[in-house]
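Engineer: Have a look; sequence and predicted model below, questions after that.
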Amino acid sequence: MPLYIQDTADAVLERKSDKFVIATGTTQTVTLKQKVDEETVKGGIGNAAQFTIKSNKELEITMEDALFNFQWLAATQGVKVVNDKLVVKRTEVAEVEEGGKVTSVNSKLAGELVVIDTYGKNVKGKFTAGSATISDLSSQVGKNVTIVTEEEVQGEKVSIRADRFAEKYRLQLFTYAYDQDTEAIAKDVFLTFDNVSPSSEFDLKLKAGDPLSPELQLKATANPKTKEIGSWMIVDHKEDAGETNSGAVVAGRRSEESGSHLG
């Protein structure tokens, strides 16, 4: 049966150390690149090619997701997503009033805080009930200044540690193959790799107007017993009203220490 594949692939990663699953159904591109070292042996009159020595087969998988996946970032770092607390700085722009008075939108703001004046100079003001009068700002009435506050927040955290690197995972890719004659889904296509290691290198750019689409790169290695790096399997597609992507594997995702899972 002539088949064609036109879709990207859903991906399911399972961490080998504890079976934790990362799944995504929003990949934009999945690229498989195989490299083989090939050396041509030459000899005879004219030094013609006689034989090609082939060795060192390598397979790299690159996946780009349409959405930002926090678990993918954790996978590259060899750490888990955990709940943690962090003291962060917040900034608020306010207009200087008569006498150098500065008022925050937070009427409960209190304590000695740093205010950045219109020239970038740092001045301190003692806030009470959301406002402070700062003599150094009396000449900047009508100008905008920045109030700097600190706040303790709690959420999901991924640590970037110098002594941790990506662990090994199992990878399953899933897509459809279509019948050329009917253009209906004819086959389910599974690509499986028993040993993949995410690259700890990444390049993320935060740019106004551009969505952040992380790219995950994985290197597949062979099973030492079977020598198999991966496999393709095509099975007959069965329509099922309760069917989900990736053969219902997506539903098997489970939470980690953080109590939630993105992707």
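Structural biologist: Yep, that arrived.
Engineer: tell me the SS of residue 93?
Structural biologist: strand (DSSP: H, G, I helix; E, B strand; the rest coil).
Engineer: State the distance from it to residue 100.
Structural biologist: 16 Å (C-beta to C-beta, to the nearest Å). All C-beta atoms are positioned from the backbone trio N, CA, C, and that covers glycine.
Engineer: Can you pick out the residue with more neighbours from those two?
Structural biologist: residue 100 (21 against 10; other C-beta atoms under 10 Å).
Engineer: quick one: stretch 202-220 to chain centroid distance?
Structural biologist: Centre-to-centre, stretch 202-220 and its host chain are 7 Å apart (C-alpha atoms, centre = their mean, to the nearest Å).
Engineer: contact partners of it?
Structural biologist: 28, 58-69, 72-73, 75-76, 169, 171, 193, 195-199, 201, 229-230 (C-beta atoms under 8 Å, 6 or more residues apart in numbering).
Engineer: Please list only the buried members of the residues you listed.
Structural biologist: Burial by neighbour count, judged by 16 or more other C-beta atoms under 10 Å, picks out 59, 61, 63, 65, 67, 69, 72-73, 75-76, 169, 171, 193, 195-199, 229-230 from these.
Engineer: Which of these fall in helices?
Structural biologist: Those of the buried ones among the contacts of stretch 202-220 mapping onto helices are 72-73, 75-76, per DSSP state H.
Engineer: any chance of those in CSV, plus distance to residue 23 and pLDDT?
Structural biologist: Listed next are those as CSV, based on distance: C-beta to C-beta, whole Å; pLDDT from 0 to 100:
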residue, distance to residue 23, pLDDT
72, 11, 89
73, 15, 90
75, 12, 93
76, 17, 92
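Engineer: How are the helices of the stretch 101-250 of the chain distributed by residue range?
Structural biologist: Remark: no helices are assigned in the stretch 101-250 of the chain by DSSP state H, counting those that start in this stretch.
Engineer: how close does residue 223 get to residue 158?
Structural biologist: In this view, residue 223 and residue 158 are 30 Å apart by C-beta to C-beta.
Engineer: okay but residue 127 is in contact with residue 113, surely?
Structural biologist: Yes. Counting by C-beta atoms under 8 Å, residue 127 touches residue 113, with 5.7 Å between them.
Engineer: and the spatially closest residue to residue 232 that is not a sequence neighbour, bridged to which residues?
Structural biologist: Nearest non-adjacent residue to residue 232, counting by C-beta to C-beta, 6 or more residues apart in numbering: residue 191, 5.6 Å away. Under DSSP bridges, the beta-bridge partners of residue 191 are residue 173, residue 232.
Engineer: okay, now residue 191: neighbour count?
Structural biologist: For residue 191, using other C-beta under 10 Å, the count is 18.
Engineer: related to what we said a few turns ago, more crowded one of residue 127 and residue 113?
Structural biologist: Between residue 127 and residue 113, residue 127 has the larger neighbour count (other C-beta under 10 Å), namely 22 against 18.
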